[in-house]
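S.K.: predicted coordinates and the sequence they were generated for:
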Amino acid sequence: MNKKRLLVLSSPSGGGKSTIAKELMNTYSNLRFSVSATTRKPRAGEQNGVQYYFLGKEEFETKINKNQFVEYEEIFGNYYGTLKSEIDKAFFDSECLIFDVDVKGAMSVKQNYPEDALLLFIIPPDIDTLEKRLRSRSTETEEQIRLRLSRAELELAYQDKFDHIIVNDELDKAIKETVEFIGEKMEVRIDE
Ligand code: ADP
Ligand code: 5GP
């Protein structure tokens, strides 16, 4: 089996994607975050071009019409999408990419890059824990939290379509398991 270059991480919102992605990027020197475009407003501390390219609705729709997205979805009332230019650049620079996208986005990336995509689904031990973690993050309003929890079921229904599942119960254990799995399956490097 050839080693993969595109790691797609999905989970219900609050499942631990960002936390685990950060650890993976600290471990592997040639693994970079794929910056998606979105119309949602930046959270405190988020910077344009780092977590997302923050676009206006019209700007996003212009890029849709110009066919600049590999995939895009409307989630929680906002657009989110993966730009083709992100992937082209990573391939040109011989880097591996890590995608934090919803389950439908994950399916699209796999469909477009079947040889290169590795799909990893992160599940919380149970829904109550998911809710607690989402609340503890304190980044969403009550209404946004409800919206995110109500979508969790849809997201969980896709887990069988992924290449591998990690249960994020104890964080250190989930990180270790993910780091090992990625080291085995992807073209990642650890620079001394
Ligand atoms: P996502 O990116 O999937 O929405 P986050 O990585 O932001 O999720 O995690 C949601 C919250 O839960 C964060 O505050 C994070 O620190 C916390 N968290 C993640 N994994 C664990 C874990 N195994 N145990 C306890 N808290 C966790
Ligand atoms: P958040 O607002 O918490 O950053 O993201 C909300 C949801 O949008 C998450 O499930 C996240 O994985 C998803 N998402 C972020 N970027 C993209 C993208 O480019 N495409 C798709 N399909 N989903 C995305």
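M.R.: Looks like it came in fine. Ligands and ions are numbered 1, 2, ... in the order given.

S.K.: show me which positions of the helix or strand encompassing Lys176 end up buried.
M.R.: If you go by DSSP states H and E, Lys176 is part of helix 171-185. Across helix 171-185, burial judged by 16 or more other C-beta atoms under 10 Å covers 174-175, 178-179, 181-182, 185. C-betas here are computed from N, CA, C, even on glycine.

S.K.: among those residues, which one sits closest to ligand 2?
M.R.: Of all the buried residues of helix 171-185, Thr178 has the smallest distance to ligand 2: 16.0 Å, by C-beta to the nearest ligand atom.

S.K.: contact partners for the closest one?
M.R.: 20, 23-24, 120, 122, 166 (C-beta atoms under 8 Å, 6 or more residues apart in numbering).

S.K.: where in this structure is pLDDT low?
M.R.: 192 (pLDDT under 70).

S.K.: from it, which residue is nearest to ligand 2?
M.R.: Gly105 (2.4 Å).

S.K.: which other helices and strands contact whatever helix or strand that residue lives in?
M.R.: If you go by DSSP H and E, Gly105 is part of helix 103-112. Judged by 3 or more C-beta pairs under 8 Å, 6 or more residues apart in numbering; DSSP states H and E, helix 103-112 is in contact with strand 6-10, strand 69-75, strand 78-83, strand 96-100, strand 117-123.
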